[in-house]
Structures are given as C-alpha cells and as structure tokens.
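Participant: curious how this folds, go ahead:
(one chain, ligands or ions: 1)
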Amino acid sequence: MSTFDGLVAVVTGGASGIGAAIATRLHDDGAHVVVLDRDLPAGEPAPVPGLPDDVRGLRADVTDSEGVRAAVEQVVAAYGQIDILVNNAGIGAQGTVADNDDAEWARVLDVNVVGMARASRACLPHLRASEHAAIVNVSSIAATAGLPQRALYTASKGAVLALTRAMAADHVREGIRVNCVSPGTVDTPWIGRLLDAADDPGAERAALEARQPHERLVDPTEVAGAVAYLASPASTSTVGVSLAVDGGMHEL
Ligand code: NAI
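Facilitator: Here you go, the predicted structure:
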C-alpha cells in the first residue's frame, strides 16, 4: 500500500518546475493528482505534457476566484473528494522597493498570496470532509534570507510564512494540517529564464550555486520530497512549520 492510496491531491501551478515535481511525487506515492495551472488548455481534466499519464490538469488562474472554485468543483465531480492541497503557483519580481510600482505589487501579491487564499477557500469544505487533510504552501528562503533586489517577491513569500501559521491555527482543530516549504534556489524553468536573461548565464549560475552551502542548486524532486512528507501521515504532529529545502542557506 502506498502513502497516498485513495487520496486526491490538487497542486496549483503544477504544469512546470517544482509543481510538476510535486504532482509527480504525490502520484508516484499513490494519490490521484489534479494540477491547476493557467498554462493549460481549457476544458475537462486532461493529461499534462511531461507528467505521468494518470495525472490530470485543468486550466485555472489563481487570480480568478470563480475559475478556481469551478476547477475545484470539477475535481470533486471527477474524484469525489480532495484530501491534499499544495499551493505552489507563484511568480517572481526583481528590484528594490524603489523599483516596483503599485500595479506590480498588486499583480505579484494577487498571485503569490491571495492566490493561496482563493485555492484554500475553494478546497476547505472538501478538506474538512477528509480524514487525511493537509495543505502545503510553497514559500521561499527569500522570506527569511534578506536577498538583495527581491523586495516585492520577499514580501510576498514572507506573507506566505505568516499565512501558513494563521491557517494552521485556524484549521488544525478541524483536522486540517497546514505547513509550508521554503526552498532555496531550485533548478526549474523559472531559474532557466533568469539565467537566459543574465549577461553571463554561466557566471550567474555559478553565483547561485555558491550562495547555497551545499554548492549546487536544489533539485525540484527534493522540494517534492519535503511536500510529500508534510502531506503524509508521517508528519501528523507537524503543524504550522516552514521546512527549508535550501542546502543549509537558512541555518548555516
Ligand atoms: P515555474 O515558473 O517553473 O512554474 C510555475 C508554474 O506556476 C507555471 O506552470 C505557471 O504557469 C504557474 N502559474 C503562475 N502563475 C499562475 C497563476 N496565476 N495561476 C495558476 N498557475 C500559475 O516556477 P517554479 O520555479 O517551479 O516555482 C514554483 C513555486 O516555487 C513558486 O511559488 C515560487 O515562488 C516557488 N519557489 C521557487 C524557487 C526557485 O528557485 N525556482 C525558490 C523558492 C520558491
């Protein structure tokens, strides 16, 4: 018997990078997995390129409350339940507090913070009915590391840490555990885009690797392993924590 046999997991932003690795891991551990992503075709749940055949995808943008609610109801219509929600969808922003205007602040917070609230709100009635309910939010080591040129992104991920604790307190007595992971720099298409835009991508990659004490980028599967742990019965007394997956960047 696998860890998540008979359980249904929803992963936002699951069509790429960390979300795709999480979807794959939860599937490999026995869950029915549906990814919600703005970068998928509209319509019925369908296979997602690059993910295991049994994983299904639905187009949903976490900035659209009604779209998220409708997608969650499609998941329940197809599978009858939701036991695990992974709030992973997120976007980046570069610059100091002087660089990003109000519209950019609103755009990023709408995805990275309010998007988590929207998906959680839509899933909570179904999670309350589960005996194995867990929410895992994806924060970032940026929330605590004080990285330069990331003011808005850092604020959004700091909000995710705070939101995780608040949600954990609100829902633990309903049998829903809420935790988050805080990855360091992870080798995903997002980082690929950043490197492609750099003057010297090789030097930039080397700098990112050197920033983490284990001197490499984190693999998406390592974040997926942490999420799987926090969603599993192995962590039933773990509530409201942030689990760093950063090669020691936060602690050392
Ligand atoms: P990625 O860009 O490779 O994948 C992000 C996915 O989210 C894409 O499939 C995209 O279509 C989807 N998405 C974006 N906005 C959305 C929206 N409004 N509604 C629905 N889906 C949306 O990014 P990556 O690297 O996999 O990042 C995933 C999460 O991990 C983000 O929350 C990010 O902040 C976080 N993270 C990433 C780190 C890294 O170094 N790559 C480090 C720490 C945290």
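Participant: any idea how many residues pack against residue 81?
Facilitator: 16 (other C-beta atoms under 10 Å). In this view, the C-beta of every residue, glycine as well, is placed from N, C-alpha and C.
Participant: now the one 3 residues further on
Facilitator: Taking other C-beta under 10 Å as the neighbour definition, residue 84 ends up with a count of 27.
Participant: what do you get for residue 131?
Facilitator: 7.
Participant: hang on, it is in a helix, isn't it?
Facilitator: No - read with DSSP: H, G, I helix; E, B strand; the rest coil, residue 131 is coil and lies in no helix.
Participant: contact partners for the closest residue to it other than its chain neighbours?
Facilitator: Residue nearest to residue 131 in three dimensions, not counting chain neighbours: residue 175, with 7.1 Å by C-beta to C-beta, 6 or more residues apart in numbering. Residue 175 makes contacts with 128, 130-131, 133, as judged by C-beta atoms under 8 Å, 6 or more residues apart in numbering.
Participant: from residue 134, how far off is residue 175?
Facilitator: 10 Å (C-beta to C-beta, to the nearest Å).
Participant: and what of residue 247?
Facilitator: In terms of C-beta to C-beta, residue 247 sits 25 Å off from residue 134.
Participant: higher neighbour count, those two?
Facilitator: Set residue 247 next to residue 134 and count neighbours by other C-beta under 10 Å: residue 134 wins out with 26 against 22.
Participant: residues near the closest residue to that one other than its chain neighbours, how many?
Facilitator: Nearest non-adjacent residue to residue 134, counting by C-beta to C-beta, 6+ apart: residue 231, 4.4 Å away. Residue 231 has 29 neighbouring residues, counting by other C-beta under 10 Å.
Participant: if I read this right, residue 231 contacts residue 136, doesn't it?
Facilitator: Yes - contact criterion C-beta atoms under 8 Å: residue 231 and residue 136 qualify, at 5.6 Å.
Participant: common neighbours of these two, please.
Facilitator: With C-beta under 8 Å, 6+ apart, residue 231 and residue 136 have common neighbours 84, 86.
Participant: re earlier: distance of the residue nearest to residue 131 relative to residue 30?
Facilitator: Computed as C-beta to C-beta, the residue 175 to residue 30 distance reads 20 Å.
Participant: likewise residue 190?
Facilitator: Residue 190 is 28 Å from residue 30, by C-beta to C-beta.
Participant: tell me what residue 86 is bridged to.
Facilitator: residue 11, residue 136 (DSSP bridges).
Participant: hmm, residue 228 and it touching each other?
Facilitator: No - the pair residue 86 / residue 228 is not scored as a contact, 9.8 Å apart, by C-beta under 8 Å.
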